[in-house]
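Chemist: Okay, here's the prediction I keep looking at, along with the sequence it came from:
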Amino acid sequence: MSALPLVRALRRPESAAAFSPEQWNVLIAMARAERLIGTLALRIGDGAVPGEVRAVLADARLDAEREARQALWEADRAAAALAPLGLRVVLLKGTAYAAAGLKAGAGRFIGDLDILVPRDSMDAVEKHLIAAGWEWVKSDPYDDAYYRQWMHELPPLIHRDRDRMIDVHHTVLPLTARQTPDAEAMIADAVPVSDGLYILSSEDRVCHAVAHMLADGDLAGGLRNLWDIYCLLGEADPAALETRAERHGLLPHVRQARRLADALYGEGRTRLTLWDRIVIARLLARDGWGRETRKGLRFAFYLRSHWLRMPPLMLARHLLTKWRKGYRPA
Amino acid sequence: MKHRVTLRIGPATFRIGSAWSGPIGELRRLYADYPAPSGGLADFTVRLEPAGLLRRWLRPSIFITGDHGLADAAPMSLAHSLLAAEMGMNLQMALGWRRHLLLHASSVEKDGRVLLMSGESGSGKSTLAAQLGERGWRLMGDEFALIDLAAGAVLPFPRLVSLKNRAIDVIAADVPAARMGPLLEGTAKGDIRHMRPRADAVARMDEGAPPALLLFPRFGHASAIRPMGQGETFMRLTQASTNYVALGEAAFAALGRFVDEVPAMAMDFPSGDEAIAMVERLWEERA
C-alpha cells in the first residue's frame, strides 16, 4: 500500500465517487497524515460522496478556513510590528498563498508564519518583533549559535499571547547549502499583496518552493509541497521560470519538480529518470492507516538532507554534538 | 493493521488498528452491545503501534496515535491496552472533533433534561455520573459532553466509564461483572477499571436532551453549594473545552447561550452518598 490513492484523488477528485467505505477510510487517513485533507476537501467540493464523508470533509474545510484566518492575522501583526522599519516584508509559503488567494492556498494547512526580509535588516527586525511580544523558543545555546551562524533564518520565535511561531528568513537555503539562490533579487521583484506585505513573483514562488522541497529537507510533507508546486507552476511563465531558476542555481531542481508534479498530479506524460522514481517512492511511503512506510528509504533521505545542508566535516561535528545531547532521529 | 475493529460511540465512529490482538478482543467484548456503525465509514483512525523496533514482542509497549496524535505521548504497557485504546479514541475527539462544542464534563439525563458535571481529574465527576447512572438516571458520558452548536442540546458520548482507584470498589459493588473490564493496576493514573454503561444508556446513544443544570463538583471537602455567575462559568467552560478555539465564533455563541440558559453551581462534597443526596435535592429544586 502506498499513497497513490491520495495522489489520484487529488488529480481526479471525481474518481473517488465510486469508493467503498474502506477506500474512503484509507484516503482520509492518508490525507490527514500528509496534511492534505483540507486540500482534498476543497478538490472534492460538493461532489457525490456519502454523508459521513461529507461531514469529515466539511470539518476539514472549517479547519482550513480557520488556518487561513489565523495565518493572515499573524501576517497582519508582523506587518504592524515591522512597519516603522519601512521594509519590504515578503510572505512565504502557506501564508503567501492564502494572502494572494492562490490555488495552492485553497484548503492548505498553514503552520508557522514565514517571512523574508533583507539580510542587513535582521537585527532591527529581531528587535521590533521582540518588542511586539515574540519570544525565543530555542533555549539551547548550541542550537541558537548554529542558527545564527549557519542558517538562512533567525532561530524561531513564538508570540507570547497568540502562541504562533514566526520564521524570519534572510535567504532561501542554509548558508552552508550548495546552491545560493539570490534572495536580494527575490525581494526586489516581490509583488505587493496588502499594506506593507509582499509575496514573491510567480516564478520565484516556484523556485522557492522547489528549493525547499528538493535542495533541502528530507521530503517530509513532500506530497503537500509537490501539490503547492504543481499549483504554482500553473501561474508561472515557463520560459521566464527557466531563466529565473538558472539565476538561482536551481534549474535542475525546477526541472525535476516539473517532472514529478506532472507524474503525480498532472498528465503523467514526462519521462522520468531513475532518481525521479526514487524520489517518488519516498513521496508515496505512506500506508492506508496513515503510517510511514519504507523506513530505510526515509532514513536515507534524512541523511541526504544533512548532506545537502553541510560540508562533510561540519556535518560530522554537528551530528556528534547532537548525539551527545541525546538526540536520535525518529 | 493486523488486528482491527470499528466502533461507534454516539455521533463518532472510530477505526481502530492494533499490532496486537489483545486490545481488539477487549474492545469487542466490552462494546459488543453498542449499535453497529453504519456502513463502515470512520470519522477517525486510531493506531496502537509498537513503541519501538522490538516492542511488539519484547516487553511489549504501545504507542498511541492515529489521525491526531501527540509526538511525546508516553508509551504504555501492553497490559494496559484497553486503556490505551480508550485514550486513543479520546485523543481523536479532543483534537479533532468539530461538529459539536466539546466539554470535558460528565453528563446524566432524567425527565428529558441533562445534568452536566465539569471539573478536573479527581473532582469526582466521573464517579458521580457512574453512580447516578445506576440510580435511575441515564448516563450520557463520563468524559465528554457534546453541545449542539445550533440547538444547544447535549448529545451523549457513552464510551466505557473509566473508574479510578477508590471509585472502582464503590461502583463494582453495584454493577454485574459482565459490564466490567479487567482491573488495570499501576497505570500512570493509578488503578483503572472500565465499566460499560447500562444497556438503555447505550441503546439511546443518539438521543440528546436540553441541559438543565451544570455542577462543578469537588470531592473531599465539607458539603457546600455556591451559585456561580455567568462570567466565571463561561471562563471555566472555555478551559474545559478542547475545541472552543478551533470552532471560533460558533463556539462563542453556543457557550454564551449555554451560560445564559443553564444555572451553574460549585458543589463540594465529602462522600459519594452525600453527593448523590445533594444532586437529587438540587434537581428537585430546579424542577
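Modeler: That came in fine, so what should we check first?
Chemist: Let me see the ranges of the helices in the stretch 151-287 of chain B.
Modeler: Listed in chain order, the helices found in the stretch 151-287 of chain B under DSSP state H, counting those that start in this stretch are B:166-172, B:199-203, B:230-240, B:244-247, B:249-261, B:272-286.
Chemist: The stretch 1-150 of chain B now?
Modeler: Counting by DSSP H, counting those that start in this stretch, the stretch 1-150 of chain B forms helices over residues B:22-30, B:81-96, B:125-133, given from the N-terminal end onward.
Chemist: among these, which is the most enclosed?
Modeler: helix B:125-133 (a mean of 25; mean count of other Cβ atoms under 10 Å in any protein chain shown). For every residue, glycine as well, the C-beta is placed using N, CA and C.
Chemist: Give the rounded mean pLDDT of that helix.
Modeler: Within the predicted structure, the mean pLDDT of helix B:125-133 is 94.
Chemist: same deal with stretch A:298-310?
Modeler: For stretch A:298-310, mean pLDDT rounds to 86.
Chemist: what comes up buried for that stretch?
Modeler: Judged by neighbour count (16 or more other Cβ atoms under 10 Å in any protein chain shown), stretch A:298-310 contains these buried residues: A:298, A:301-302, A:305-306, A:308-310.
Chemist: Residues touching that stretch, excluding its own?
Modeler: Stretch A:298-310 is contacted by residues A:150, A:174, A:176-178, A:215-219, A:282, A:285, A:292, A:315, A:318-319, A:329 when judged by Cβ atoms under 8 Å, 6 or more residues apart in numbering or on different chains.
Chemist: and chain A, which residues reach chain B?
Modeler: The interface of chain A toward chain B, taken as Cβ under 8 Å from any Cβ of the partner chain, is made up of A:21-22, A:24-25, A:28-29, A:32-33, A:50, A:52-53, A:55-56, A:59, A:62-63, A:66, A:69, A:289-291.
Chemist: helices and strands of chain B: which one bottoms out on pLDDT?
Modeler: Within chain B, no helix or strand scores below helix B:166-172, which has a mean of 91 by mean pLDDT, DSSP states H and E.
Chemist: Give the buried residues for that helix.
Modeler: Buried, per 16+ other Cβ under 10 Å, within helix B:166-172: B:167-168, B:171-172.
Chemist: Among those, which one sits closest to residue B:94?
Modeler: Nearest to residue B:94 among those: residue B:167, at 21.8 Å, using Cβ to Cβ.
Chemist: For the nearest residue to the closest one once chain neighbours are set aside, list the residues it contacts.
Modeler: Leaving aside its sequence neighbours, residue B:167 sits nearest to residue B:127 (Cβ to Cβ, 6 or more residues apart in numbering or on different chains; 4.1 Å). Residues counted as contacts of residue B:127 (Cβ under 8 Å, 6+ apart) are B:163-164, B:167, B:170-171, B:219, B:272.
Chemist: Per-residue pLDDT of the residue of the stretch 151-300 of chain A found nearest chain B, please?
Modeler: Using Cβ to the nearest Cβ, residue A:289 is the residue of the stretch 151-300 of chain A that sits closest to chain B, at 5.3 Å. Confidence per residue is given as pLDDT, and for residue A:289 that number is 98.
Chemist: quick one: pLDDT of residue 219?
Modeler: Answering for chain A, as no chain was given. In this prediction residue A:219 is given a pLDDT of 93.
Chemist: oops, I was thinking of chain B
Modeler: Model confidence at residue B:219, given as pLDDT, is 92.
Chemist: what's the answer for the one 5 residues further on, then?
Modeler: In this model, residue B:224 is scored at 96, pLDDT.
Chemist: Report the central residue of chain A.
Modeler: Geometric centre of chain A, nearest residue: residue A:225, 5.2 Å, by Cα atoms, centre = their mean.
Chemist: Tell me how many other residues crowd the nearest residue to residue A:142 once chain neighbours are set aside.
Modeler: Counting by Cβ to Cβ, 6+ apart, residue A:321 is the residue found nearest to residue A:142 once chain neighbours are left out, at 6.0 Å. Taking other Cβ atoms under 10 Å in any protein chain shown as the criterion, the count of residues near residue A:321 is 13.
Chemist: Residue A:178 now?
Modeler: Using other Cβ under 10 Å, residue A:178 is surrounded by 13 other residues.
Chemist: Wasn't it part of a helix?
Modeler: No. Counting by DSSP: H, G, I helix; E, B strand; the rest coil, residue A:178 is located in no helix; its state is coil.
Chemist: which residues touch it?
Modeler: Applying Cβ under 8 Å, 6+ apart, we find residue A:178 in contact with A:215, A:308.
Chemist: how far away is it from residue A:215?
Modeler: When distances are taken as Cβ to Cβ, to the nearest Å, residue A:178 and residue A:215 turn out to be 8 Å apart.
Chemist: With residue A:293 instead?
Modeler: The spacing between residue A:293 and residue A:215, counted by Cβ to Cβ, is 25 Å.
Chemist: neighbour-wise, which of these two wins?
Modeler: The residue with more neighbours, out of residue A:293 and residue A:215, is residue A:215; 23 against 15, by other Cβ under 10 Å.
Chemist: For that one, list the residues it contacts.
Modeler: Residue A:215 sits in contact with A:173, A:177-179, A:250, A:253, A:308, where contact means Cβ under 8 Å, 6+ apart.
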